[in-house]
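**Student:** Requesting a structural model of the entry that follows:
(one chain, ligands or ions: 1)
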Amino acid sequence: MCGIIGVSGVRDAPEVIVEALRRLEYRGYDSAGMAIYQDGSFKRVREATGTHSVELLAKHVKDFQGSESVSGVGHNRWATHGKPSQENAHPQFDCSGRVAVVHNGIVENFAELKDELLSQGHLFTSDTDTEVIAHLLEVALGGTDRIDDALAEVFSKLRGAMAIVAMETSRPTLLACVRRTSPLIIATNGDEGFIASDIPAILGRAKHYYQIDDAVVASVELGEVRAFKLDHTEVEPREFVVTWDLTRAARDGYDDFMSKEIMEQPQAIRDTLAGRLQHWDTSGIQLDELRVEVEKLQRVNKIFMIGCGTSYHACMAARYAIESLCKIPVELDVASEFRYREPRLDEQTLVIAVSQSGETLDTIAALAEASSSGAVSLVVSNVVDSSMARMADSVIYTHAGPEVCVASTKTYLAQIVALELFAIYFAKLKGTSTTAELRSLASALEELAEKVGQLTNRFAEMVGVASKVENFERFYFIGRNVGFPVALEGALKLKELSYLPAEGFPAGELKHGPIAMLDASSVVVAIATRGRLWEKVMANLQEVKARGAKVLLVASEGDNETIAEGDAAFVVPETHPLLSPVLDTIPLQILAYHLARYRGFDVDRPRNLAKTVTVE
Ligand code: F6R
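**Tutor:** Numbers count the residues shown, from 1 in each chain. Here you go, the predicted structure:
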């Protein structure tokens, strides 16, 4: 969590920093701040007004006019140590205001470091762990002006996953950074230098992008990039290509990013499938990266799928395809639990880690655990060259483009698609399914974007259906088989956006307890498309109706028999049963979107959340 930006030699630095912070708001928004070097010292402004912090910060841009301002750092905060307040907002300074630091992540040993610094007479003005870094840099710098060397010395004292950008007043064009697990990139454009948490922050400004490896100190001074390991051996900065364009990261006339990203779902699916299905039956499906011998994958006899939140639901939805086509046991785990239950892993185990950002710390930690046990790993990530993508033996990228809204929509659909492509790849590799079975799924994948488009084009109509339950305050989502992860995802979207109590259950489980909660003031959303267990869902629906709950259905187009059973229904086109979670989830995204807006909430920036969760 937290968004970081640093600029060196950039004209109008305050504007550029504020614009970057706007684009990084998805990483945290309870406070925001920037420090700009002007006339020999740092001028700092900070705001801590929740979701409006960056908006208010932008009003300070005019305070910087009149003097040259070409270098500075900015930060969006998602509070960990210390409540959201101006004092705790970044940048944090040392005692004299010579050093400015912005930081993402947690310094796990900050308490002991702080005690030591206090005993040396350092004065602290915040409750943050970040301020410790500023004071340590003050000590390490001494009389020199090399903030990068000082950062290398300080970093080896810090425990935990984090990303840091620091600068100091005697050489203000030199910005230094370092990371452990948390994301950070460096970029240049002629004489301009940038450091940011994520690509969209500097898209359109920067031309050359460089990856920063863990525990490598990198610096940018105007357009010059330098990198070295903690033992001071120089390393060559690794350039990578960015294909995202600015329009895909901007709101483009939509009211918010969420509706834009829901509408982009057909394209996200097309781009994720592009070039991968044409030759699936002859040369097969190509993974983006394959760093182990194919024979090793062939020997795999068990799969674990891990992820967090929505990405976990994508695992759950795709598990049916992998089990059905690859005839192999598949276990599912929430990433934050996986490594603490001592899973039985060996060289014949494949661990599939799914993550939009590729930077979620819980998933990274689980993946690292799996790799150290010798398991083969596959990562599904939306961010090219993300930390997870670099750790894994093999990678499939979802080409959904940048997702800015905190709640995942298009990347979720793209994840299911990528995982089902993997199911075809792996079934072919192991020879576990007939060509006819694989062809049936491959053809359905080819038609999927078109069907998703039919649904997104009916956005307004679905808002109309959602409006029928506008005044209800408790929601239960039920589904069976592939409908179960849809129910969980529908409930997650609703609670994170509208803050309404919402739970998802397997429909057959309702009678074992949750049914006690049903009455006329509750809504049950049932995934009742014509899947394998449709009849059983319908039977469960009768139990619901008998308790007087309002019933909202997701039903197959033209299925009047089912539609008649509900108070209102979202209708979706039919598809291959293994792909129905892709279509059935879309109305539930729109339901959550509408109820949040109806209740007056910011759909892009739900309270207490951040897009990329880089703390455990
Ligand atoms: C919910 C949501 C989160 C993320 C989760 C994992 O809408 O977006 O639940 O899915 O934090 O993030 P990634 O996929 O980046 O690992």
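
**Student:** In the stretch 201-350 of the chain, what residue spans correspond to strands?
**Tutor:** 208-211, 216-221, 224-229, 234-235, 238-240, 289-290, 302-307, 330-334, 349-355 (DSSP state E, counting those that start in this stretch).

**Student:** Check which helices and strands the first one sits against.
**Tutor:** Other helices and strands packing on strand 208-211, by 3 or more C-beta pairs under 8 Å, 6 or more residues apart in numbering; DSSP states H and E, are strand 185-189, strand 238-240. Backbone N, C-alpha and C define where each C-beta goes, glycine included.

**Student:** Now tell me which of the strands of the stretch 201-350 of the chain the model trusts least on average.
**Tutor:** Averaged per stretch, pLDDT over these is lowest on strand 289-290, reaching a mean of 83.

**Student:** about what we covered before: could I get the helices and strands packed on strand 208-211 in a markdown table, plus columns for mean neighbour count?
**Tutor:** Conversion of those to a markdown table gives the following (neighbours: other C-beta atoms under 10 Å):
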| stretch | mean neighbour count |
| --- | --- |
| strand 185-189 | 23 |
| strand 238-240 | 13 |
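
**Student:** Let me know the distance separating residue 409 from residue 592.
**Tutor:** From residue 409 over to residue 592 the distance is 9 Å, taken as C-beta to C-beta, to the nearest Å.

**Student:** Next: residue 149.
**Tutor:** The gap separating residue 149 from residue 592 is 49 Å, by C-beta to C-beta.

**Student:** So those two - more neighbours on which side?
**Tutor:** A direct count of neighbours by other C-beta atoms under 10 Å for residue 149 and residue 592 places residue 592 higher, at 29 against 17.

**Student:** pretty sure that one is in a strand, no?
**Tutor:** No: counting by DSSP: H, G, I helix; E, B strand; the rest coil, residue 592 is not part of a strand but helix.

**Student:** if I read this right, it contacts residue 408, doesn't it?
**Tutor:** No: with contacts counted by C-beta atoms under 8 Å, residue 592 stays clear of residue 408, the gap being 11.6 Å.

**Student:** quick revisit: the strands of the stretch 201-350 of the chain: which one's closest to residue 246?
**Tutor:** strand 208-211 (14.2 Å; C-beta to C-beta).

**Student:** Figure out how far the closest one is from the centre of its chain.
**Tutor:** Here strand 208-211 is found 20 Å from its chain centre; the criterion is C-alpha atoms, centre = their mean, to the nearest Å.

**Student:** Could you list the residues in contact with that strand?
**Tutor:** Contacts with strand 208-211, where a contact means C-beta atoms under 8 Å, 6 or more residues apart in numbering, come from 185-189, 199, 218, 225, 227, 237-242, 385.

**Student:** List the neighbouring strands of that strand plus their orientation.
**Tutor:** As defined by DSSP bridges, the strand partners of strand 208-211 come to strand 185-189 (antiparallel), strand 238-240 (antiparallel).

**Student:** Tell me how many other residues crowd residue 344.
**Tutor:** Close neighbours of residue 344, defined as other C-beta under 10 Å, add up to 11.

**Student:** With residue 84 instead?
**Tutor:** Neighbours of residue 84 under the rule other C-beta under 10 Å: 17.

**Student:** that's a helix at it, yeah?
**Tutor:** No: counting by three-state DSSP, one finds residue 84 to be coil, located in no helix.

**Student:** so how far is the ligand from it?
**Tutor:** Residue 84 sits at a distance of 20 Å from the ligand (criterion: C-beta to the nearest ligand atom, to the nearest Å).

**Student:** Looks like that residue contacts residue 77 (just checking).
**Tutor:** Yes: distance between residue 84 and residue 77: 6.8 Å, which falls inside the contact criterion (C-beta under 8 Å).

**Student:** re the thing from before, out of the strands of the stretch 201-350 of the chain, which one sits most buried?
**Tutor:** When neighbours are counted by mean count of other C-beta atoms under 10 Å, the highest per-stretch mean among the strands of the stretch 201-350 of the chain falls to strand 349-355, a mean of 29.

**Student:** chain center to that one, what's the gap?
**Tutor:** On the basis of C-alpha atoms, centre = their mean, strand 349-355 is displaced by 16 Å from the centre of the chain it belongs to.

**Student:** Tell me which other helices or strands that strand touches.
**Tutor:** Counting contacts by 3+ C-beta pairs under 8 Å, 6+ apart, strand 349-355 packs against strand 302-307, helix 309-326, helix 361-372, strand 376-381, helix 410-430.

**Student:** Strands of the stretch 1-150 of the chain, start to end?
**Tutor:** Assigned by DSSP E, counting those that start in this stretch, the strands in the stretch 1-150 of the chain fall at 3-8, 31-38, 41-47, 72-77, 92-93, 99-105.

**Student:** could the ones you listed go into CSV alongside mean pLDDT, mean neighbour count and distance to the ligand?
**Tutor:** CSV is the format used below for those (pLDDT from 0 to 100; neighbours: other C-beta atoms under 10 Å; distance: least, C-beta to the nearest ligand atom, whole Å):
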stretch, mean pLDDT, mean neighbour count, distance to the ligand
strand 3-8, 96, 30, 14
strand 31-38, 96, 28, 21
strand 41-47, 97, 20, 25
strand 72-77, 96, 31, 17
strand 92-93, 98, 24, 26
strand 99-105, 96, 29, 14
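
**Student:** Taking the stretch 301-450 of the chain, what residue is nearest to the ligand?
**Tutor:** Going by C-beta to the nearest ligand atom, the ligand is nearest to residue 309 of the stretch 301-450 of the chain, at 1.8 Å.

**Student:** which one is that residue nearest to, not counting chain neighbours?
**Tutor:** Excluding its sequence neighbours, the residue lying closest to residue 309 (C-beta to C-beta, 6 or more residues apart in numbering) is residue 492, at 6.5 Å.

**Student:** For that neighbour, list the residues it contacts.
**Tutor:** Neighbour list for residue 492: 309, 310, 313, 502, 504 [criterion: C-beta under 8 Å, 6+ apart].

**Student:** Among those, name the buried ones.
**Tutor:** With neighbours counted by 16 or more other C-beta atoms under 10 Å, those contain buried members at 309, 310, 313, 502, 504.

**Student:** Kindly give the local confidence score, pLDDT, for the third one.
**Tutor:** Going back to what we said before, that points to residue 313. Predicted confidence (pLDDT) for residue 313: 98.

**Student:** Please identify the nearest residue in space to it, excluding sequence neighbours.
**Tutor:** Counting by C-beta to C-beta, 6+ apart, residue 313 lies nearest to residue 489, which is 4.3 Å off, once chain neighbours are set aside.

**Student:** can I assume the one you found is in contact with residue 588?
**Tutor:** Yes: A contact is recorded between residue 489 and residue 588 when judged using C-beta under 8 Å, the distance being 6.7 Å.

**Student:** Many thanks, have a good one.
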